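Q: based on what follows, work out the 3D shape:
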Amino acid sequence: MAASDSDDTDERSPSALLLMGARAFSDLFDDARLRRLRQLVHLVDPIRVDDLATDRARSRLAAAEYLLTGWGGPALDAEVLAAAPRLRGVVHTGGSVKHLVSPELWERGIVVTSAADANAIPVAEFTLAMILLEAKRAPSYIEGYDRSREVAGAWRDAIPPAVTFGGTVGIVGLSRVGRRVAELLRPFDLEVLVADPHIDRAVAASVGARLTVLDDLMSASDVVTIHAPELPETRHLIDARRLGMLRPGAVLINTARGSLIDTDALVARCRAGLMRAVLDVTDPEPLPAESPLFDTPGIVLSPHIAGAMHAETLRLADSALDDLEALVTGRVPRHRVDVASLSVIA
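A: Numbers count the residues shown, from 1 in each chain. Presented below is the predicted three-dimensional model:
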């Protein structure tokens, strides 16, 4: 698939190519943003490709000085980079670049930017909404009302008390999203704890949180929300032992990566009626239709919707265009990815 648009950009402008799927392109670039893109770089047909197998696409890649990458596009492996001798910068319109980059890219000194900060906004907003709803026990009341068809009744006694006043929220990982979640929680009457081995107490305090160790966070929190990166050492970070530390009626929210939770242990604890979980990400993803997560009481699944969707993606386009403008005008882009940070970011 390729997008075809005429271009009136000055040919002396740096050449660019968009590597992303058709859906991502249509979501990210409305008329105004496409006009801005054309003012910054030289575009020729096809301006967008998601498959580099054709001769035309390879020709466009060979001429490109900048790549704008996004969902549905190919990884920038050694073969792709070898076919892009003029490449100077990669401007990613999504969040994580881990699936995209390769060692050869860093070795060539190619600048990489990411729209991760912009994508953190809707993820944090989704997380805040889930925290408040679950702390109010709203989903449990909705489910109970649907089953009983009674406004009042004994069914309500089985629901733990609401913790929207005086409750404790634990944030696992003070990442971009974790920091924003902490900031969004400031107006509410909740204590906020954070566990993150890469920060100190002053950093936690700056966002209204108190630093603690993960085990203490798990045992003290009414709602735990995960915002740690997916790394070998964080696989099953929330395992059976740590799930067992949660208070009865506690809620676990995951908008980070599914592998951070031991799924089998989570299913067992939720089936025992000891906790609830809101999962926007799973392990594996997508889930097979027969996954027990679909049928386990107390587990709420959403289909990876916390990140930017629909009009929210325009924030990502604006971030990418700002970074592209900085690159083509010789300035330092605001959202440059540091290769050293890849070991600790999502």
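Q: list the buried residues of stretch 26-34.
A: 27, 28, 29, 34 (16 or more other CB atoms under 10 Å). C-beta: built from backbone N, CA, C; applies to glycine.
Q: show me what the helix or strand where the first one lies is in contact with.
A: Under DSSP states H and E, the secondary-structure element containing residue 27 is helix 22-28. Counting by CB atoms under 8 Å, 6 or more residues apart in numbering, helix 22-28 makes contact with 1, 3, 18, 20, 48, 50, 70-73, 93, 310, 313-314, 316-317, 320, all of which sit outside it.
Q: just the buried residues of those residues.
A: Buried members of those, counted by 16+ other CB under 10 Å: 3, 18, 20, 48, 50, 70-73, 93, 313-314, 316-317, 320.
Q: coming back round to it: quick one: average confidence on the helix holding residue 27?
A: The pLDDT scores in helix 22-28 average 96.
Q: so after it, what's the next helix or strand?
A: In N-to-C order, the element after helix 22-28 by DSSP H and E is helix 31-40.
Q: quick check: can you name the pairing partners of the following helix or strand past that following helix and their directions?
A: Proceeding N to C from helix 31-40, the next assigned helix or strand is strand 48-49, under DSSP H and E. Take DSSP bridges as the rule and strand 48-49 pairs in its sheet with strand 2-3 (antiparallel), strand 16-19 (parallel).
Q: how about low-confidence regions in the stretch 51-200 of the chain?
A: In the predicted model, the stretch 51-200 of the chain carries no residue with pLDDT under 70.
Q: strands of that one, residue ranges please.
A: Using DSSP state E, counting those that start in this stretch, the strands of the stretch 51-200 of the chain run over residues 66-69, 89-92, 111-113, 168-172, 191-195.
Q: Throw those into JSON lines and include mean neighbour count and distance to residue 158, thanks.
A: Shown next, in JSON lines, are the strands of the stretch 51-200 of the chain (neighbours: other CB atoms under 10 Å; distance: least, CB to CB, whole Å):
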{"stretch": "strand 66-69", "mean neighbour count": "26", "distance to residue 158": "49"}
{"stretch": "strand 89-92", "mean neighbour count": "26", "distance to residue 158": "47"}
{"stretch": "strand 111-113", "mean neighbour count": "22", "distance to residue 158": "50"}
{"stretch": "strand 168-172", "mean neighbour count": "26", "distance to residue 158": "22"}
{"stretch": "strand 191-195", "mean neighbour count": "22", "distance to residue 158": "26"}
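Q: format those as JSON lines; extra columns: distance to residue 260.
A: Compiled in JSON lines, these are given as follows (distance: least, CB to CB, whole Å):
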{"stretch": "strand 66-69", "distance to residue 260": "25"}
{"stretch": "strand 89-92", "distance to residue 260": "23"}
{"stretch": "strand 111-113", "distance to residue 260": "25"}
{"stretch": "strand 168-172", "distance to residue 260": "8"}
{"stretch": "strand 191-195", "distance to residue 260": "13"}
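Q: go ahead and confirm residue 134 touches residue 223.
A: Yes. Residue 134 is within contact range of residue 223, at 5.9 Å (criterion: CB atoms under 8 Å).
Q: okay, and the common contacts of these two?
A: 251, 253.
Q: quick one: classify the most centrally placed residue in the chain as helix, strand or coil.
A: In the chain, the residue lying closest to the centroid (CA atoms, centre = their mean) is residue 307, at 5.4 Å. What DSSP: H, G, I helix; E, B strand; the rest coil gives for residue 307 is coil.
Q: sorry, back to before: lowest-confidence stretch among the strands paired with strand 48-49?
A: Ranked by mean pLDDT, the strands paired with strand 48-49 bottom out at strand 2-3, with a mean of 46.
Q: next, the angle from the longest helix anywhere in the chain to strand 168-172.
A: Ordering each helix of the chain by length in residues (DSSP state H) puts helix 116-135 first. Counting by axes from the mean of the first three to the mean of the last three CA atoms, to 10 degrees, helix 116-135 lies at 150 degrees to strand 168-172.
Q: check the gap between residue 153 and residue 159 for me.
A: According to CB to CB, to the nearest Å, residue 153 stands 11 Å off from residue 159.
Q: ah, wrong one, I meant residue 101
A: For residue 101, the distance to residue 159 - CB to CB - is 46 Å.
Q: repeat that for residue 135.
A: From residue 135 to residue 159 the distance is 12 Å (CB to CB).
Q: swap in residue 131?
A: 17 Å.
Q: ok, the two, which is more surrounded?
A: Ranked by neighbour count (other CB atoms under 10 Å), residue 131 and residue 159 place residue 131 first, with 26 against 14.
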